[in-house]
Every structure is written in structure tokens, then in C-alpha cells.
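Enquirer: Any chance you could fold what I've pasted below:
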Amino acid sequence: MKALLIIDVQEAYIGERREEPRYQMIMDNINSAAGLFRRNHAPVIVVRDLSDGNDSRFDNVRELIVEDTDHEILKVHNNSFWKTNLDELLRSLSVDWLLLCGNSAEFCVDATYFGARERGYEPQILQGAVFAQTDVGLAAMETVRPMFARPELQTLFEE
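Expert: Modelled structure (predicted):
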């Protein structure tokens, strides 16, 4: 089973970036992927980082489409697996392949990528759906991590 992991797309971390040219494109790519996973009855898991607080500033950004069927994971470490029930949830859903997106390339997305690999999952990162602290950080991730091209998303669910 495949699952989509949306990491730390929260007001406190990316809300102030709305005016950046790539912001809406990244959000469109995340929401498009989430819609595809939902239509194919594949899990969508929304991770929220509460390490800096748990008030309204740490809500998901308003542009992120979240459905009642989505799962939520709350974390306080970069790695979404560390001291959370993410691994337990994924195993209960028979997930073995993960598509990662969200914030940020240099920290939580990368840490979660390694957390997934260490636990035996096959993680990939959705190209064009990751925020980064710097262009260099994003370029490094796109160079050294397995990226899944957005135009190829539909092939994930073809028989």
C-alpha cells in the first residue's frame, strides 16, 4: 500500500512565505497529490510539528486541503517517526511505500526520509512539493534523494 505524508505545512513555518513565487505551485502540487491518493483510497497523513508551540500559529496553512479521512500525526522532533505513532499507523494500514512532501527539505522532510528507510519503508519525495530554507538546500535534496515527478503521479495507481 502507498501513502502520502504531508510534513509541517503550518502557518508558523511557511505562512509568511505566501508571497514567494513558488508558494502556490508547491501548495497546488501537495493538494493535487493528496486528492489523487484520496480518490484511490490510499492514506493521506498530515504531520504537524508542535516543538515550538501548539496554538493557532501551528495550525496547517489555510491553503492545505485536509479531509476528515486523513490521519494526523503530532510530533516534536524533525523525524516524523521519532516518538510518534506513525510507524504503528503505517503498519496497521499495510503501507510499505511513502511519498513525502511539505516542509522543509533540509530538516523535517530529510529526517523523515531517513526515518522511513530505517524502518524498512520505500520513501520517495514528490518533486515540486517541498519547501526549503534555501535554494541550495532544495537543490541538494533533489540531487541526492529519490524524487518522484509530479506528472508521473497517476502511474502510482495504474494496474
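
Enquirer: Report all helices and strands that the top strand by length along the chain contacts.
Expert: The longest strand of the chain (DSSP state E) is strand 122-130. Counting contacts by 3 or more CB pairs under 8 Å, 6 or more residues apart in numbering; DSSP states H and E, strand 122-130 is packed against helix 23-39, strand 97-102, helix 108-118, helix 135-144, strand 147-148. From N, CA and C alone the C-beta is placed, and that goes for glycine too.

Enquirer: Okay, angle between the longest one and strand 97-102 too, please.
Expert: In this case it means helix 23-39. 150 degrees (axes from the mean of the first three to the mean of the last three CA atoms, to 10 degrees).

Enquirer: List the buried residues of helix 23-39.
Expert: Tyr23, Ile26, Met27, Asn29, Ile30, Asn31, Ser32, Ala33, Ala34, Leu36, Phe37, Arg38 (16 or more other CB atoms under 10 Å).

Enquirer: Next, the angle strand 122-130 makes with the least confident helix or strand in the chain by mean pLDDT.
Expert: Using mean pLDDT, DSSP states H and E, the weakest-scoring helix or strand in the chain turns out to be helix 135-144, at a mean of 86. Per the same axes, to 10 degrees, the angle that helix 135-144 makes with strand 122-130 is 150 degrees.

Enquirer: Which other helices and strands does helix 135-144 contact?
Expert: Using 3+ CB pairs under 8 Å, 6+ apart as the test, helix 135-144 ends up in contact with strand 122-130.

Enquirer: So what touches the strand it packs on?
Expert: With contacts defined as CB atoms under 8 Å, 6 or more residues apart in numbering, strand 122-130 is touched by 25-26, 29-30, 33, 96-105, 109, 112-113, 116-117, 138, 141-142, 145-150, 153.

Enquirer: Give the buried subset of those as a PyMOL selection command.
Expert: What follows is the PyMOL syntax selecting those of those that are buried according to 16+ other CB under 10 Å:
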select buried, resi 26+29+30+33+98+99+100+101+102+103+104+105+109+112+113+116+138+141+145+147+148+150+153
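
Enquirer: The helices and strands packed on strand 122-130 into a markdown table, with extra columns for distance to Gln127?
Expert: Below are the helices and strands packed on strand 122-130 laid out as a markdown table (distance: least, CB to CB, whole Å):
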| stretch | distance to Gln127 |
| --- | --- |
| helix 23-39 | 8 |
| strand 97-102 | 9 |
| helix 108-118 | 12 |
| helix 135-144 | 7 |
| strand 147-148 | 4 |
